[in-house]
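A.B. asks: missing the sequence, but the structure's below:
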DNA sequence: CATCATTGTCGACGCGCGTCGACGAATTAT
DNA sequence: ATAATTCGTCGACGCGCGTCGACAATGATG
């Protein structure tokens, strides 16, 4: 563990000169730059992160705040999000850590942020009116939300453009002649924009509320013919349940797409292609979206605390025909 | 961000007294303890983690080193492991962070450890002769491996007791009259101990090497009857592939357990119960195992660097009959 | 009663790095 | 030519906390 002092002695310069070579915040002659760099290499010097943080250095680190992100039904999607952020942040020259929080424990946030350990926070699974957003805003911590929530003020976020995604799915079904549509949701009502979109297209929506798990999908498949006679098309906002539903439909005498067309709007390519039959979706590249979120985070940090500009990024995707939706018979 | 000085002033004591109240490393009278505690509460004081780290305090933090843990096929299991560690460490009074590393980048380890930010490291997806184990050992960083690898020296680890787990699965099949066994593996040979166990039980093993994904399992199901006529029982070391295999077996005229008995040894309860038919397994509680690993990590840290004692924990589990294995017909 | 260990508290220092002010030297403007 | 600027470097200080040595007050021991 060589320190700045060791490097300085080796290079025959002062400690501050070493610092300025590293940070580039003051002009240094090429000659001494070279000498210092050589000394750094020779000594195997690495800046001590804790000391830098204490002295007020700008931390090149991003924290992902997560709660129970791994054992949820959508762990595949969440995995893609984590990987995307990690790569995006890395490409921007920052590190990233994942910070598992129990619930909305403020103390946990303080530990990393107030110690100047992390330069910014990426919030991942925000809830309605999420308190963490308020907390971070109050503490003036740079943050980006991967997702959205209504908190009454502007903030940076990256999210899917659900309005357009849903519009694509609905109008595709309309185009195929379907008018009576089931919407797979889990513990939530049908989003407002989907309702208005449907009324514009003169389509009838019916919420089908089931657990988002493969078992939940199978359960639905088993009762579908009896319970939902009039429905010929489904827009699914779920992933795991959709997989279970499609995989077991045949078993219950439900032929996809002959009896029923289904379009997923919240599934990864890998998921949509893992089923029999495969599932037509509106494309969703969670990895790329998250990567962009990571980059936005770094840019926001580098823009400085005084920068008030808030950025927003909405990701759409094209309809991808994998055969699970066809013209009404 | 009140500091120690603020608290000291408020309580009318010196800064060092505040420190000793917090750490308990010197006797302090009850009276001043109370005064100081009151001042801490009043000021809303939180110790600055970076400063503590710099000054050489014992970091109450554990780092999980992970690479590509989230988008692998076994992400469910990995999720349970992460959650288990987080909870185990938390119960022991420590925090935990997840540190995504690109590959075996030494620099990344240095950042957290040499800055005295983290008190120990939990390694999660170790490979054969993993370099990170050598690195941590050399740097004298307290660490625990969740899993095992052969590196030629003793270290702390928590793992499943595969020898016994596999023995349970094999002898169960033997008990049911099966002698020709297929072993589902992915890019690895059949483990040595399974081979010897089989020869003792006079059973014939055949490696079936497929990708560990649901698609991989389906692929296998489609060719199974043709390719593996003589096999009547399967021990699967995979999880995702097993799910795909079992779910699609019927589709290819393969009836489980009538035509083929299958026992999973590497699946979570939630996975084993998500299929049709459900899968008999040797129980595997990844969450509890990981939780214990987290506690071992903390104990190892608190035992101090001079403690040379290495601990080992092996987790077995009982056979759980879910109907996918039955007596040979 | 004198001596010694214990208890409770304080002040000072150091951890390693970021950054500000100063200052000589080299360059440009007047 | 002199004054004003820029360049390159140095020393000093502070960030907040952990901990060591000192010391007064108290209790135990001979």
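C.D. replies: Looks like it came in fine. Small disclaimer: the values here were computed from a predicted structure and weren't measured.
A.B. asks: Get me the contact residues on chain A for DNA strand D.
C.D. replies: In this structure, chain A approaches DNA strand D at residues A:12-17, A:20, A:26-29, A:31-32, A:54-56, judged by Cβ under 7 Å from any atom of the strand. The C-beta positions use only the backbone N, C-alpha and C, and glycine is treated the same way.
A.B. asks: Narrow the residues you listed to those that are buried.
C.D. replies: A:13, A:17, A:20, A:28, A:32, A:54 (16 or more other Cβ atoms under 10 Å in any protein chain shown).
A.B. asks: For the closest residue to residue A:141 other than its chain neighbours, the count of nearby residues, please.
C.D. replies: For residue A:141, ignoring the flanking residues on the chain, the nearest one in space by Cβ to Cβ, 6 or more residues apart in numbering or on different chains is residue A:113 at 5.2 Å. With neighbours defined by other Cβ atoms under 10 Å in any protein chain shown, the count for residue A:113 comes to 23.
A.B. asks: So which bits of the helix or strand that residue A:313 is a member of are buried?
C.D. replies: With the criterion set as DSSP states H and E, the secondary-structure element containing residue A:313 is strand A:312-315. Buried residues in strand A:312-315, counted by 16+ other Cβ under 10 Å: residue A:315.
A.B. asks: So which elements touch the helix or strand following it?
C.D. replies: In the C-terminal direction, the helix or strand that comes right after strand A:312-315 (DSSP H and E) is strand A:319-320. Based on contacts counted as 3 or more Cβ pairs under 8 Å, 6 or more residues apart in numbering or on different chains; DSSP states H and E, the elements that strand A:319-320 packs against are helix A:162-175, strand A:280-282.
A.B. asks: looking at chain A, which helix or strand does the model trust least?
C.D. replies: Taking mean pLDDT, DSSP states H and E as the measure, the helices and strands of chain A show their lowest mean at helix A:106-113, namely a mean of 70.
A.B. asks: ok so, going back, can you tell me which of the helices and strands packed on strand A:319-320 is most buried?
C.D. replies: For the helices and strands packed on strand A:319-320, the largest average neighbour count (mean count of other Cβ atoms under 10 Å in any protein chain shown) is found in strand A:280-282, namely a mean of 26.
A.B. asks: Pull the residues that contact it.
C.D. replies: Contacts made with strand A:280-282 from outside it, assessed by Cβ atoms under 8 Å, 6 or more residues apart in numbering or on different chains, are listed as A:165, A:168-169, A:262-265, A:267, A:269, A:272, A:316-325.
A.B. asks: what's the neighbour count on residue A:80?
C.D. replies: With neighbours defined by other Cβ under 10 Å, the count for residue A:80 comes to 25.
A.B. asks: my guess is it meets residue A:267, correct?
C.D. replies: No. Distance between residue A:80 and residue A:267: 11.1 Å, which falls outside the contact criterion (Cβ atoms under 8 Å).
A.B. asks: circling back to that earlier point, mind telling me the two of the residues of chain A next to DNA strand D farthest from one another?
C.D. replies: A:31 and A:54 (31.6 Å; Cβ to Cβ).
A.B. asks: list the contacts for the residue nearest to residue A:141?
C.D. replies: Residues in contact with residue A:113 (Cβ under 8 Å, 6+ apart) are A:63, A:121, A:139, A:141.
A.B. asks: out of those, which are inside strands?
C.D. replies: With DSSP state E as the criterion, strands contain A:63, A:121 from among these.
A.B. asks: quick check, nearest of the contacts of residue A:113 to residue B:193?
C.D. replies: Set against residue B:193, the nearest of the contacts of residue A:113 by Cβ to Cβ is residue A:63 (42.1 Å).
A.B. asks: sec struct for the nearest residue to that closest one once chain neighbours are set aside, please.
C.D. replies: When the adjacent residues along the chain are set aside, residue A:63 lies closest to residue A:118, with 4.1 Å between them (Cβ to Cβ, 6+ apart). Using DSSP: H, G, I helix; E, B strand; the rest coil, the structure places residue A:118 in coil.
A.B. asks: For burial, what's the neighbour tally of residue A:118?
C.D. replies: For residue A:118, the tally of surrounding residues (other Cβ under 10 Å) stands at 27.
A.B. asks: if we can go back for a sec, chain B: which of the buried ones among the residues of chain A next to DNA strand D is nearest?
C.D. replies: Out of those, the one with the shortest distance to chain B is residue A:54. That distance is 4.6 Å, counting by Cβ to the nearest Cβ.
A.B. asks: Quick check: that closest one touching residue A:116?
C.D. replies: Yes. Between residue A:54 and residue A:116 there is a contact at 7.3 Å, judged by Cβ under 8 Å.
A.B. asks: What about residue A:5, how many residues nearby?
C.D. replies: Counted by other Cβ under 10 Å, the residues lying close to residue A:5 total 11.
A.B. asks: For it, give me its contacts.
C.D. replies: For residue A:5, the contacting residues are residue A:15, by Cβ under 8 Å, 6+ apart.
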